[in-house]
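[1] Only the shape, not the letters, is given here:
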């Protein structure tokens, strides 16, 4: 009975969101309604139903959120491929592709290093420690599985080589640990190839260009259709997160949770300061990025958020389409501030004293360097932030088993970490675009724009 009532209530609230959409309420209003509705509904479900009823209810409730996330992921590879090809053949950011790529990589790794410092200092300030904490059976099992993956993991040089696809068609299906970066590389070569063909076969190059621009318009239109479902997806995802959280583990490690959110909040402030330094308004950024960050927060997937990230950068913030795709795509696998930098640094500071390792200045610097370079390719391997933590602990000669202490609170801190990861991608795109004159500041400063407007990229203006 409890299951039936909860599912009926869930469907009723989805109906409310649908009515808000029909009545012309703004997209942001509907997104916020979905977020807080999910929090409230999830808390009620967790309070009034037993564990069995909650589990059964979430099986049905999560259908909406899971379907929405998969729809977005479905469009990631097509969107990256056509957008980057079009950006190059349309002769905008393609002219400075090498310079922009290098700049994006430098910014991503630099912010990862800053995040590692912030994470380590914050963990030390809060006094987080692994001493006296015991690992449960489930956490120990998961840690053992991830430890085996860490031992089999690729070195940094192997990770770079792995980006070059042996079979580009295979990469276009989304397969492989670095499929996103492989598609970026293949699309870049294809676009540059078209420019070469123009010198001796302009008709063929023009035909291919028209075909890709038409495909780009179609892909963007499909992405827009999916994005309009965001309030419904957020409501379902938030309900699942709140109702399915392990509050006992959260209370047991509440200091680490508070320290994590503090470090993440500090990095958001630093993101704003970085934008201000290059002459971009941080307030405008956070206002326009809010919907994308909210979805990243609830979905806990940087890759799934990528279509929203690119759409926001391109059409809300005026960043050139090629720069948006490069920054967004690379940020899903390189230098993620939350999962691959803050979290491993906090984990090291938490574990090291428990095994007699003092956090000396030289050890801290070594930790930051290792985290920065280990962040390359981390997101492309199963295990996420926990895998990143285990990799860094192993590189520093610390026991990786204690990483299992935090498995129980993963969903709670992973939400904010993912939002920070996505923010890093957008900030990187904005900074790179500003420094290379690939941003329309009129669009960026236009407060009337919103995600429901027809995107400029849908017209083929890459």
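    On my side now, so go ahead. All figures in this text were calculated on a predicted structure; none of them were measured in a lab. Residues are numbered from 1 along each chain as shown.
[2] Which secondary structure element of this structure has the lowest mean pLDDT?
    helix 137-152 (a mean of 54; mean pLDDT, DSSP states H and E).
[3] ok now the helix or strand harbouring residue 307, how far from the chain's centre?
    Per DSSP states H and E, residue 307 falls inside helix 302-311. Counting by Cα atoms, centre = their mean, to the nearest Å, helix 302-311 is centred 7 Å from the centre of its parent chain.
[4] cool, and stretch 362-377?
    For stretch 362-377 - counting by Cα atoms, centre = their mean - the centre lies 20 Å from the chain centre.
[5] buried stuff in it?
    Buried residues in stretch 362-377, counted by 16 or more other Cβ atoms under 10 Å: 364, 367, 368, 370, 371, 372, 374, 375, 376, 377. Every C-beta, even on glycine, is put in place using the N, C-alpha and C of the backbone.
[6] quick one: which helix or strand includes the third one?
    Per DSSP H and E, residue 368 falls inside helix 361-374.
[7] Summarise which helices and strands that helix is packed against.
    Secondary-structure packing of helix 361-374 (3 or more Cβ pairs under 8 Å, 6 or more residues apart in numbering; DSSP states H and E): helix 97-126, helix 343-351, helix 384-395.
[8] Now do the first one: which elements does it pack against?
    Applying 3+ Cβ pairs under 8 Å, 6+ apart, one finds that helix 97-126 makes contact with helix 254-277, helix 321-331, helix 343-351, helix 361-374, helix 410-435.
[9] closest to residue 312 out of these?
    helix 410-435 (6.7 Å; Cβ to Cβ).
[10] for the helix or strand following the closest one, what is the average pLDDT?
    Next helix or strand after helix 410-435 toward the C-terminus (DSSP H and E): helix 441-445. Mean pLDDT, helix 441-445: 92.
[11] One more: stretch 227-236?
    85.
[12] mind checking the longest helix of this protein?
    Assignment by DSSP state H gives helix 51-89 as the longest helix of the chain.
[13] list the contacts for residue 104?
    Shown in contact with residue 104 (Cβ atoms under 8 Å, 6 or more residues apart in numbering): 323, 326, 327, 330, 428, 429, 432.
[14] follow-up on the earlier one: between the helices and strands packed on helix 97-126, which gets nearest to residue 197?
    Short answer: helix 321-331, nearest of the helices and strands packed on helix 97-126 by Cβ to Cβ, at 18.8 Å.
[15] by how many degrees do that closest one and helix 97-126 diverge?
    40 degrees (axes from the mean of the first three to the mean of the last three Cα atoms, to 10 degrees).
[16] Which secondary structure elements does helix 321-331 sit against?
    helix 51-89, helix 97-126, helix 179-197, helix 302-311, helix 410-435.
[17] for these, which one sits closest to residue 348?
    helix 97-126 (7.0 Å).
[18] separation between residue 308 and residue 301?
    11 Å (Cβ to Cβ, to the nearest Å).
[19] These two: which is more packed in?
    With neighbours defined as other Cβ atoms under 10 Å, residue 308 and residue 301 compare such that residue 308 has more, 26 against 21.
[20] Can you pull the poorly scored residue ranges out of the stretch 1-150 of the chain?
    Low-confidence segments of the stretch 1-150 of the chain (pLDDT under 70): 1-3, 5, 22-24, 91-95, 130-150.
[21] change it to 80
    Under the criterion pLDDT under 80, the flagged ranges of the stretch 1-150 of the chain are 1-14, 16-28, 45-46, 48-61, 87, 90-98, 129-150.
[22] just the stretch 151-300 of the chain next, same as before
    For the stretch 151-300 of the chain (pLDDT under 80), the answer is 151-163, 174-180, 243-253.
[23] helices or strands up against the helix or strand where residue 233 lies?
    If you go by DSSP H and E, residue 233 is part of helix 230-244. Helix 230-244 sits against helix 2-22, helix 27-48, helix 51-89, helix 282-299, helix 410-435, with contacts defined as 3+ Cβ pairs under 8 Å, 6+ apart.
[24] now that helix against helix 282-299, angle please.
    Using the same axes, to 10 degrees, helix 230-244 lies at 60 degrees relative to helix 282-299.
[25] got the angle between helix 230-244 and helix 51-89?
    Using the same axes, to 10 degrees: helix 230-244 against helix 51-89 is 140 degrees.
[26] Just want the angle from helix 230-244 to helix 27-48.
    Going by the same axes, to 10 degrees, helix 230-244 makes 20 degrees with helix 27-48.
[27] distance between helix 230-244 and the chain's centre?
    In terms of Cα atoms, centre = their mean, the centre of helix 230-244 is set 17 Å apart from its chain centre.
[28] change the start of the numbering to 10 and stick with it
    Yep, numbering from 10; the last one is helix 239-253 now.
[29] re the thing from before, ok, of the contacts of residue 113, which one's closest to residue 94?
    Among those, and counting by Cβ to Cβ, the member closest to residue 94 is residue 335, at 12.4 Å.
[30] My read is that the closest one contacts residue 107, right?
    No. Using Cβ atoms under 8 Å, residue 335 is not in contact with residue 107; the gap is 10.9 Å.
[31] still on that earlier bit, wait, which of the helices and strands packed on helix 330-340 is closest to residue 266?
    Going by Cβ to Cβ, the one of these nearest residue 266 is helix 419-444, 6.0 Å.
[32] circling back to that earlier point, most tightly packed of the helices and strands packed on helix 239-253?
    Ranked by mean neighbour count, those are led by helix 419-444 with a mean of 25 (mean count of other Cβ atoms under 10 Å).
[33] Surely residue 184 is in a strand?
    No. Applying DSSP: H, G, I helix; E, B strand; the rest coil, one finds residue 184 to be coil, outside a strand.
[34] before we move on, the earlier item: same list, the helices and strands packed on helix 370-383, but as JSON lines with distance to residue 65 please.
    Formatted as JSON lines, those follow (distance: least, Cβ to Cβ, whole Å):
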{"stretch": "helix 106-135", "distance to residue 65": "38"}
{"stretch": "helix 352-360", "distance to residue 65": "32"}
{"stretch": "helix 393-404", "distance to residue 65": "27"}
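[35] ranking those helices by burial, who's on top?
    Comparing these by mean neighbour count (mean count of other Cβ under 10 Å), helix 352-360 ranks first with a mean of 28.
[36] and for that one, what are the contacting residues?
    124-129, 131-133, 137-139, 265, 268-269, 272, 368, 376-377, 380, 383, 394, 397-398, 400-402, 405, 407-408, 411-412, 414-415, 422, 426.
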